[in-house]
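Visitor: Quick one: sequence plus predicted model below, questions after.
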Amino acid sequence: MTEPLPPFIIFILGALLVPLLKGRWKSGLLLLIPVLGFINLVHMEEGTYWIVPFLDYHLIFGRVDRLSLLFGYIFHIISFIAILYALHVKDDIQHVAGLVYAGSALGAVFSGELFSFFVFWEMLTISSIFLIWARRTGASLGAGYRYLLVHAAGGLCLLAGIVLHVNQTGSIELGYLGLNGPGTYLIFFGFGLNCAWPVLHPWLTDAYPEATITGTIFLSAFTTKVAVYALARAFPGTQALIWIGAVMTSFPIFYAVIENDLRRVLAYSLINQVGFMVCGIGIGTALAINGAVCHAFNDILFKALLFMSMGAVMYRTGKINGTDLGGLYRTMPLTCIFCMVGAASISAFPLFSGFVSKSMVMDAAGAGHMRIIWFMLLFASAGVFHHAGIKIPYFAFFSHDSGMRPKEAPVHMLLAMGIAAGLSIFIGVYPAPLYSLLPYPVEYVPYTAPHILGQTQLLFFSALAFTLLLLSGIYPAEIRCINLDVDWFYRKGGRLFYRVMARTLNPINAASERLFVKGIVRSIAHLSKDIIARLSVFVMVTFWMLTGLRGERLRMRKLNLYADVMGGTCPVGLGAGAATAFLVLVFVLM
Amino acid sequence: MQDQNVNHTNPASSIQHPASKRYLFDNPRNVKILLGCFYASLLVLLIIEWFVHKHPHFDWEAWPEFYAVYGFVACVVLVVAAKYILRPLVKRREDYYD
């Protein structure tokens, strides 16, 4: 048996090969990469591998433990699903970007110190941006630039934090850091930006819905989950995360209720779900950390499933706004069923994957007697069912008849959705295999009578609220509009900055142009030519007057000479004479 | 789930236009049956609760029908707040940023 390779290498090398192949060979290679990676991964044993000396430090590309392995498994699974879903795409940029993106996520998860982690962290940003730009619309270009700027700022913050931390402690190890000293605060903030914390979140809801249909599947899986991994690794049990997570679960659902773009609704619910993970990491008990990473595993699957079903709708109809869609269950029944499986999973229906993981975080909050947090999480549980569980399938597949009768999604998309749906149900029905992979031993039993009943009541009565509000006409109608979010500050703020700069700097620029370029420089240039002509006229007129020249002839000569010198057309003799005279003058004066 | 009621809305027309096909929920009766099942299951859920032994973290979890009431109230609050408070604050024309 050969030694396993660092997981990222397979993806990055594979990405380099993709543009060389065509047709079926390319599809084969694309699907083979995550499969090979997975085989490689299951042969790995816990421990520390691939240590490379670098300056005075050691880079560690393989810190393999239960936490990194769990993320490694799910990243391979979702890569396979996302690649299968994207097989029809002819654009190599998207395939390469997707593979490099997945490879970077794996690199970050398995790196054991801050240097290589930071490099992979930045590669995540760089590779993911091409999945946004590849849509090639004005909106995606703009959203991509904003995404890049926000992540560049976050990355710099992280880098500054790492430099301070390493300077302070002398260690580059990426282990438990905790909040002590300015370096760790900056690292915390850098992680939080990628995690889409409240106020730092709009890059996500801005950019993900503008990405390509297939790119969004990759995007939904990696950036935020690597950040969740990093928080679980470096800041478990940090009190601040409890509140940050609880706010993350609650505020996006209000936006999701009034948002028209269904992929943006899913982006808001992505923040809501990551909130459960962040909260669990903040609580920090074994049950809570287990719940957080277990929920990350499940969320990657069902969130990708929901994005895939909306992507299939978009692929077939070209539309994604709630106002344009409706009644598609008629001709896209399988997509509709898969979407409902995703919806049931994210809403944590019993027998679906969300149920066995989200409740661990809820239970941990309950066990810690965190009343307000518990109420916020329960509110978010009801709310997520409301927008992701009912709104998404209802407005796309039921609701009013849009009159569209698109074909069912292509086979490879259906297969990809089928795998994700199958896994979501399998985990929901039989969570033991997933539980056996979690970082801490699991004693948790999700299927108890009161828990099943409580959760079912919560969801069914949320559904009742939806039904009654809809029938009574109170439910907010889908409206063609945009909803302002925190990105207003930098979108409008950036424009204001531009305008202020234009208003103040442009006039200064214009004044300088008038004063220096057109004013002083021109007059000096004119003067430097003119002064020679005037001097020579002065000398020659004196000379001519001495020789007795007067009247009209003197005036003519004077004018001719001035024109000749200004035009640079003096007879050679005259020029030589003037030069000689000048030399003589210099000689005499010396 | 489709094709259960393959009737044509316009029997006089011999052309089978896709839009003229009738699907599951085109028949108001099926919608009514679905809603009926839904309301019945709500009632069942409310009744079962009296036969389930609870072991709650908090006192209020033991209150009768706590989860049902909370789920309903939370969603009404959510929708009302989103519609009447958040939407007026943040809604802008689609070309707002252009």
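Guide: Yep, it's here.
Visitor: and stretch A:558-567, what's its mean pLDDT?
Guide: When pLDDT is averaged along stretch A:558-567, the result is 83.
Visitor: Mind listing what's buried along it?
Guide: Across stretch A:558-567, burial judged by 16 or more other CB atoms under 10 Å in any protein chain shown covers A:558, A:561-562, A:564-565. Any C-beta I mention is one placed from the backbone N, CA and C, and that applies to glycine too.
Visitor: Intersect those residues with the contacts of chain B.
Guide: By CB under 8 Å from any CB of the partner chain, no member of these lies near chain B.
Visitor: Can you report how many residues lie near residue A:548?
Guide: 7 (other CB atoms under 10 Å in any protein chain shown).
Visitor: Okay, now the unreliable bits of chain B?
Guide: B:1-20 (pLDDT under 70).
Visitor: try 50
Guide: B:1-16 (pLDDT under 50).
Visitor: coming back round to it: please produce a markdown table containing the buried residues of stretch A:558-567, extended by secondary structure.
Guide: As requested, the buried residues of stretch A:558-567 are exported to a markdown table (DSSP: H, G, I helix; E, B strand; the rest coil):
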| residue | secondary structure |
| --- | --- |
| A:558 | helix |
| A:561 | helix |
| A:562 | helix |
| A:564 | helix |
| A:565 | helix |
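Visitor: Pick out whichever of the residues you listed sits closest to residue A:232.
Guide: residue A:565 (83.8 Å; CB to CB).
Visitor: wait, doesn't that closest one sit right on residue A:532?
Guide: Yes. Contact criterion CB atoms under 8 Å: residue A:565 and residue A:532 qualify, at 6.0 Å.
Visitor: Can you pull the residues of the stretch 401-550 of chain A lying near chain B?
Guide: A:403, A:405, A:449-450, A:453-467, A:469, A:474-476, A:479-485, A:491.
Visitor: With adjacent residues omitted, what lies nearest to residue A:232?
Guide: residue A:281 (5.1 Å; CB to CB, 6 or more residues apart in numbering or on different chains).
Visitor: since we're on the one you found, how many residues are nearby?
Guide: 31.
Visitor: How about the one 10 residues further on?
Guide: The tally of other residues near residue A:291 (other CB under 10 Å) stands at 30.
Visitor: Roughly how far does it sit from residue A:268?
Guide: The gap separating residue A:291 from residue A:268 is 22 Å, by CB to CB, to the nearest Å.
Visitor: do residue A:131 as well
Guide: Counting by CB to CB - residue A:131 and residue A:268 are separated by 19 Å.
Visitor: what do you get for residue A:167?
Guide: 39 Å.
Visitor: Of these two, which one has the most company?
Guide: Each of residue A:167 and residue A:268 has its neighbours counted (other CB under 10 Å); residue A:268 has more, 26 against 9.
Visitor: who touches that one in this structure?
Guide: Contact partners of residue A:268, counting by CB atoms under 8 Å, 6 or more residues apart in numbering or on different chains, are A:205, A:252-253, A:255-256, A:259, A:387.
Visitor: Among those, name the buried ones.
Guide: A:205, A:252-253, A:255-256, A:259, A:387.
Visitor: Looking at those, which is nearest residue A:510?
Guide: Nearest to residue A:510, judged by CB to CB, of the buried ones among the contacts of residue A:268 is residue A:205 at 40.5 Å.
Visitor: Quick check, that closest one in contact with residue A:263.
Guide: No. If you go by CB under 8 Å, residue A:205 and residue A:263 don't touch, sitting 9.7 Å apart.
Visitor: Going by proximity to chain B, name the top residue of the stretch 101-250 of chain A.
Guide: residue A:142 (8.1 Å; CB to the nearest CB).
Visitor: From the contact counts, what lies against the helix or strand where that residue lies?
Guide: If you go by DSSP states H and E, residue A:142 is part of helix A:138-169. Applying 3 or more CB pairs under 8 Å, 6 or more residues apart in numbering or on different chains; DSSP states H and E, one finds that helix A:138-169 makes contact with helix A:114-133, helix A:181-194, helix A:202-207, helix A:487-512.
Visitor: okay, these, which one's buried deepest?
Guide: Each of the helices and strands packed on helix A:138-169 was scored by mean neighbour count; the highest is helix A:202-207, a mean of 26, by mean count of other CB atoms under 10 Å in any protein chain shown.
Visitor: Using CSV, write out every CA atom in the helix or strand that it is followed by.
Guide: Counting by DSSP H and E, the next helix or strand C-terminal to helix A:202-207 is helix A:215-221. Output of helix A:215-221 as CSV, limited to C-alpha atoms (Å, rounded to 0.1, in the frame of the first residue of the first chain):
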residue,chain,number,x,y,z
GLY,A,215,-21.0,27.5,-8.9
THR,A,216,-23.4,28.3,-6.1
ILE,A,217,-23.4,24.6,-5.1
PHE,A,218,-19.7,24.8,-4.5
LEU,A,219,-19.9,28.2,-2.8
SER,A,220,-22.6,27.0,-0.4
ALA,A,221,-20.4,24.2,0.8
